Each structure stands twice: as structure tokens, then as C-alpha cells.
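K.L.:
build me a model from this:
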Amino acid sequence: MADNAKSPRPVYRNIHVTDIVSYRLPPAGIVSILHRVSGVVMFVLLPFVIWMFDTSVTSEISYDAFTSLFVAGCGFVPGWFFKLVALGLIWAYLHHFCAGVRHLAMDFNHDAVTKESGRTTAVAVLVISVALTLVLGAKLFGLF
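P.N.:
Just a heads-up that it's a prediction; the model follows:
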């Protein structure tokens, strides 16, 4: 009798929602997901951006109203909340920009794209976008 027993084929299954917390994405996967999230955040906050631009450039009076919103707030919403929304918008823009530059660089030179370079550039995008967000957030919240 010939032994024709083969090793079983690997079984691939979908990840269940409860497995998401234990699943470990590589840095490139995290950057990819955050790139999409940052795009959605910028799209959703577009009316806020248009309002900020319009209010800040219309007149000196509207500019004073604009800046007082970030200090005193509006109605029941405190000023720090508006600063937090602006900080989220700053992060979304910086991350989306850095990740977009990473994608463009990878598109220009397909031969140089390796698993290690993908990991390295993804970590660089995360570090640069968070560092710039912290610097601009410190300025936004008046730390310097």
C-alpha cells in the first residue's frame, strides 16, 4: 500500500468581529486604514473648514468672533471642544498628506518596493504625522 497521505491544505477563514482586537495588522495596514479614515474625517469636516475660512477672512469683526469661539466656546459647547475638532482635522490632513506622499513614492518606483521598505515607510508616516500633529496641537492649545 502506498502512503499517499498529503498534509492538509491550509484553511483560510474570515476574521470575526470579536477577533479584530486580537488581530495584529502590520504598520502598512494601519497606515492604509488610517489613510481612509483621515479622508473620511476631512470630508465630513469640510463644512467646518469652509465656515472657518469664511469667518476668518470676511472682516475683522467676524475674525474676532471666530477666535472667541476657540476661547469661550459657543452656547453649551466649550472652546476646548472646538480646538479638539480642529486638532482632529489637523491630524487628518497631516496623516493623509504623508500617506499620500508615501503612496506616490511607491508608485514611482515599483522595483524598490519590498516588504521591509513598506514597513519602514509606514512607520515613518505614523511617526511624522503624529509628531507634526503634536507640535501644531501644542501651538493650538497655547503651550508656546
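K.L.:
tell me which residues in stretch 109-129 are buried?
P.N.:
Gly118, Thr121, Ala122, Val125, Leu126, Ile128, Ser129 (16 or more other Cβ atoms under 10 Å). Just so you know, the C-beta spots here come from the backbone N, C-alpha and C atoms, and that holds for glycine as well.
K.L.:
would you map the helices across the chain?
P.N.:
Ranges of helices within the chain are 27-44, 46-58, 60-72, 79-108, 115-140, based on DSSP state H.
K.L.:
and the second one, average pLDDT?
P.N.:
Read it as helix 46-58. Averaging pLDDT along helix 46-58 gives 93.
K.L.:
tally of neighbours for the nearest residue to His103 once chain neighbours are set aside?
P.N.:
Residue nearest to His103 in three dimensions, not counting chain neighbours: His35, with 7.9 Å by Cβ to Cβ, 6 or more residues apart in numbering. Other residues near His35 come to 18 when the count uses other Cβ atoms under 10 Å.
K.L.:
can you pull out the low-pLDDT segments for this structure?
P.N.:
1-5 (pLDDT under 70).
K.L.:
thinking again about what came up before, for the buried residues of stretch 109-129, which one is nearest Ala65?
P.N.:
Proximity of the buried residues of stretch 109-129 to Ala65 (Cβ to Cβ) peaks at Ser129, which lies at 31.0 Å.
K.L.:
for the closest one, give me its contacts.
P.N.:
Contact analysis of Ser129 by Cβ atoms under 8 Å, 6 or more residues apart in numbering lists Trp91, Leu94, His95, Phe97, Cys98, Ala99.
K.L.:
the residues you listed, buried ones only, as a PyMOL selection?
P.N.:
Applying 16+ other Cβ under 10 Å to the contacts of Ser129, the buried members can be selected in PyMOL as follows:
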select buried, resi 91+94+95+98+99
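K.L.:
dump the contacts of Ser129 to JSON lines, plus distance to His110.
P.N.:
Converted to JSON lines, the contacts of Ser129 look like this (distance: Cβ to Cβ, whole Å):
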{"residue": "Trp91", "distance to His110": "30"}
{"residue": "Leu94", "distance to His110": "26"}
{"residue": "His95", "distance to His110": "24"}
{"residue": "Phe97", "distance to His110": "22"}
{"residue": "Cys98", "distance to His110": "20"}
{"residue": "Ala99", "distance to His110": "18"}
